[in-house]
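just need the structure, nothing else, for what follows:
(one chain, ligands or ions: 3)
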Amino acid sequence: MSETRHNWTKEEILAIYNKPMMELLYDAATIHRKHHDPNTVQVSTLLSIKTGGCPEDCGYCPQAARYHTDVEGNDLMSVNQVKAQALRAKASGSSRVCMGAAWRNVKDGPEFDQVLEMVRTINKLDMEVCCTLGMITENQAHRLAEAGLYAYNHNLDSSEEYYKEVISTRGFEDRLETIDNVRKTNVTVCSGGIIGMGEAIEDRAGMLVALSTLNPQPESVPINALVAVDGTPLEDQKPVSIWEMVRMVATTRVVMPETQVRLSAGRTQMSQEGQTMCFFAGANSIFAGDKLLTTPNPDVNEDMKLFELLGLNPQKPFIKKMQPKTVEAEDSQYKDLGEKPKWTRPSHTIERNEVKKQEAKQVKA
Ligand code: SAM
Ligand code: DTB
Ligand code: SF4
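Ligands and ions are numbered 1, 2, ... in the order given. Below is the predicted model:
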């Protein structure tokens, strides 16, 4: 029987990851169908509500201002623009809209108020609403919850050790604290990471230890394959093989039996057969739409053809949890505190990030 455990060790997780493929697939698929309908896949649409110009140095990210990438920055979208996009997403079969902002953390003030209004607007369209806005305080988490937020995405990205090789401007501990702040509300937690950044298999296992030992475990775990974007410090990383992706998905499924495992960035590099193996291994969610935040994603029509071919059905909204009620701004219990939280800034040197920053300065000069 696959009971949810919160005491997985790195050794145990490595042993699962390294099982002979047929055994790993069989175990993961068996656990998957005990906890989920294997023919249902949840579909989310991403919307970049504030693009580029981010002060962080995340080595994988095309939106970091310090690197020279082709991303065009945009100010915060209007509530009406967001509503129009959400309606399009709903018409194309998505049950959730995930709004991403290229921010280090949320700042109280008019822009956050506008995001809260976006959350209220989408919840009223009877869609699940997710946000990924960087670090948030407990009060900000409560304000999002009151607006009707269904999920908050905040990735650990890698193991605590490898995280330091990729990002120097924000700390792993702060990521955990944000997840903890979300947990103090009724908003569900979406947290996962990226493979293919040059990390060891031990780091993948380390990330899964950090996620699976959270109690409760995240309701949703995105597994991203790095999209290596020109100009970022990770531009030259080799694409991860489909076998690694399948192993990562299957291992995630085994250690987090109840979570929604999301096959996230990197699907354009995967064949339909490869994605099918990931679904068999326990992935039961995808991001649909021709764009992720700034990079390409498979065509929606192609995704829907694959669903038809495989007999997969998109999940309806609010199957796992009731729709949150929206509290209007004027009735809110939680005030704008004008908080100035002190999130840590480790500031160690990551050689490849420095090199890319210097190169970008020369291009811009
Ligand atoms: N700025 C916020 C933050 O970092 O929390 C929210 C947006 S951020 C783009 C959300 C997540 O997207 C990151 O944590 C990372 O896991 C993923 N991501 C960003 N760039 C990626 C890339 N090139 N390939 C794969 N995943 C990526
Ligand atoms: C997640 O884990 N992956 C999504 C979502 N959460 C926000 C973002 C992927 C971004 C890929 C790079 C880009 O398109 O900018
Ligand atoms: Fe900024 Fe988020 Fe990109 Fe890091 S991942 S540079 S915090 S947008």
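
so which bits of this structure are right by ligand 1?
Listed as neighbours of ligand 1 in the chain under the rule CB under 6 Å from any ligand atom: 60-61, 100, 102-103, 132, 134, 154-155, 157, 194, 224, 226-227, 229, 265, 293. Yep, even glycine has a C-beta here, placed from its N, CA and C like the rest.

derive a ChimeraX selection command for the buried subset of those.
The buried subset of the residues of the chain next to ligand 1, as determined by 16 or more other CB atoms under 10 Å, is captured in ChimeraX by this line:
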select :60,61,100,102,103,132,134,154,155,157,194,224,226,227,229,265,293
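
among the residues of the chain next to ligand 1, name the ones in strands.
Gly100, Thr132, Ile194, Asn224 (DSSP state E).

enumerate every residue touching the residue nearest to the third one when sequence neighbours are not counted.
The shortest distance from Ile194 to any non-neighbouring residue, by CB to CB, 6 or more residues apart in numbering, is to Asn224 (4.4 Å). Counting by CB atoms under 8 Å, 6 or more residues apart in numbering, Asn224 touches Asn155, Gly192, Gly193, Ile194, Ile195, Ser264, Ala265, Gly266.

restrict these to those near ligand 2?
Answer for the contacts of Asn224 near ligand 2 (CB under 6 Å from any ligand atom): Asn155, Gly192, Ser264, Ala265.

dump these to JSON lines, plus distance to Asn74 and pLDDT.
Below are these laid out as JSON lines (distance: CB to CB, whole Å; pLDDT from 0 to 100):
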{"residue": "Asn155", "distance to Asn74": "22", "pLDDT": "98"}
{"residue": "Gly192", "distance to Asn74": "25", "pLDDT": "98"}
{"residue": "Ser264", "distance to Asn74": "22", "pLDDT": "98"}
{"residue": "Ala265", "distance to Asn74": "20", "pLDDT": "98"}
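
wait, Thr232 touches Glu56, no?
No - counting by CB atoms under 8 Å, Glu56 is not a contact partner of Thr232; they are 12.0 Å apart.

who's more crowded, these two?
Thr232 (26 against 20; other CB atoms under 10 Å).

where does that one land on pLDDT?
As predicted, Thr232 sits at a pLDDT of 98.

cool, and Ser2?
48.

just the ones next to ligand 2 among the contacts of Asn224 now: which is nearest Arg253?
Of all the ones next to ligand 2 among the contacts of Asn224, Gly192 has the smallest distance to Arg253: 12.4 Å, by CB to CB.

how close does that closest one get to Val246?
As judged by CB to CB, to the nearest Å, Gly192 and Val246 stand 16 Å apart.

more neighbours: these two, which one.
Counting neighbours by other CB under 10 Å for Gly192 and for Val246 shows that Gly192 has the greater number, 26 against 23.

for Asn139, see how far away that one is.
25 Å.

same question for Val327.
As judged by CB to CB, Val327 and Asn139 stand 14 Å apart.

cool, and Thr344?
Where Asn139 is concerned, Thr344 sits at a distance of 19 Å (CB to CB).

again with Val355
39 Å.

please say which of those two ends up with more neighbours.
Using other CB under 10 Å, the more surrounded residue of Val355 and Asn139 is Asn139, with 17 against 11.

check which helix or strand the residue nearest to that one when sequence neighbours are not counted maps to.
Take Asn139 and drop its neighbours on the chain: the residue closest to it by CB to CB, 6+ apart is Leu337, 5.4 Å away. If you go by DSSP states H and E, Leu337 is not part of any helix or strand.
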